[in-house]
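Visitor: I would like to see how this sequence folds:
(one chain, ligands or ions: 1)
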Amino acid sequence: MRPLVKVKVSSKKKTTGSVRRRVQSAATPAAKAARPAAKTVTKTAKPAAKTITKSAKQKPAKKTAARGARGRLKHAEPQLLIERFQAAIPDPHVELHFKDPWQLLVAVILSAQSTDRTVNQVTPVLFQRWPTPEALADAAQEDVELVVKSTGFFRNKAKAIRAASRMLIERFGGSVPRTLEELVEVPGVARKTANVVLGAAYGVSSGIVTDTHAMRVAQRLALTREQAPEKIEADLCQVFAREHWIALSHMLVLHGRHLCTARAPACSRCALNELCPARLSPPDGSWHERAAQEASDMAERSLGFVRALAARA
Ligand code: SF4
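Guide: Next up is the predicted model:
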């Protein structure tokens, strides 16, 4: 029995081994060709599948994001916005008081981080005491500081308006230059100040004023997605024709300052309500009625300024 068992086992082993060798030898060419091929297919297929899966997941996300961005940026027709702004603010103007470009330049420098009302209380005293650029440039720093103190940052502001006056005398013959490039060289004058002065004093369309009020209104009307003043100005200048830039600057500022305020915008009374993606409440009455009311409020405020000026004179 024992030899038989050994024989069976060895024969099985031999058979298995020989079969394996035969299969291997017979299959080697194909296997050599097939195996790498199979590996290649598998390796190639897996990353490809992954790639497809990833791109399939990403594409809808990208589309959604793009649609969302376009949706947020979708603003009303510029002409419609202008039409309603013109009805609500028929007399767009700067609320700072001035008699000439130099006075406006000084007032705008003082208005940084302050209110026009405060500046309008300070400038009559300032210009009475130092009525020309020469006089202000020669004034003592401490004396000017005392006069402009209530506008805040008074040391820097006193220094800036004296230095600006000095530069006007030394480089521009005592006049405020009429180009943006020259004006931004004056101490204390950045692009926003230059746009206000050029537009309001000379009627030069150098850009659109983007102070905190104008930027807020532009963002709420979906005219921009930007945060930086220069980028918001660039967006606005693309949307609106140059002929509207000066008036629109005042309209955005006045609308933001008096109606579309930061904390409590009066959306139900806003003439632009139906055109505004950020409105918080439905409109009251027709847009013509709302525009007429805003215009009336604006006129009343202007009259108040004139009365206050007359009372001080
Ligand atoms: S509807 Fe409201 S948020 Fe829009 S511009 Fe008017 S006040 Fe501002």
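Visitor: Go ahead and confirm residue 230 touches residue 191.
Guide: Yes - counting by C-beta atoms under 8 Å, residue 230 touches residue 191, with 6.7 Å between them. (Each C-beta comes from the backbone N, C-alpha and C, glycine too.)
Visitor: Name the residue in those two with the higher neighbour count.
Guide: Per other C-beta atoms under 10 Å, whichever of residue 230 and residue 191 has more neighbours is residue 191, with 17 against 12.
Visitor: What confidence value was assigned to residue 303?
Guide: With respect to pLDDT, residue 303 scores 74.
Visitor: That one and the ligand: what is the separation?
Guide: 23 Å (C-beta to the nearest ligand atom, to the nearest Å).
Visitor: before we move on, what SS does that residue have?
Guide: Judged by DSSP: H, G, I helix; E, B strand; the rest coil, the three-state class of residue 303 is helix.
Visitor: Run a quick neighbour tally on it.
Guide: 10.
Visitor: How far does stretch 175-189 sit from its chain's centre?
Guide: How far stretch 175-189 lies from its chain's middle: 24 Å, per C-alpha atoms, centre = their mean, to the nearest Å.
Visitor: What residues sit buried inside it?
Guide: 176, 177, 178, 180, 183, 184, 186, 188, 189 (16 or more other C-beta atoms under 10 Å).
Visitor: before we move on, what about stretch 223-236?
Guide: 223, 224, 226, 229, 232, 233, 235, 236.
Visitor: which is the next helix or strand following the least confident helix or strand in the chain by mean pLDDT?
Guide: Among the helices and strands of the chain, helix 2-73 carries the lowest confidence by mean pLDDT, DSSP states H and E, at a mean of 39. With elements assigned by DSSP states H and E, the helix or strand that comes after helix 2-73 is helix 78-88.
Visitor: Residues of this structure that sit close to the ligand?
Guide: 217, 220-221, 259-260, 265-267, 270, 272-273, 276, 278-280 (C-beta under 6 Å from any ligand atom).
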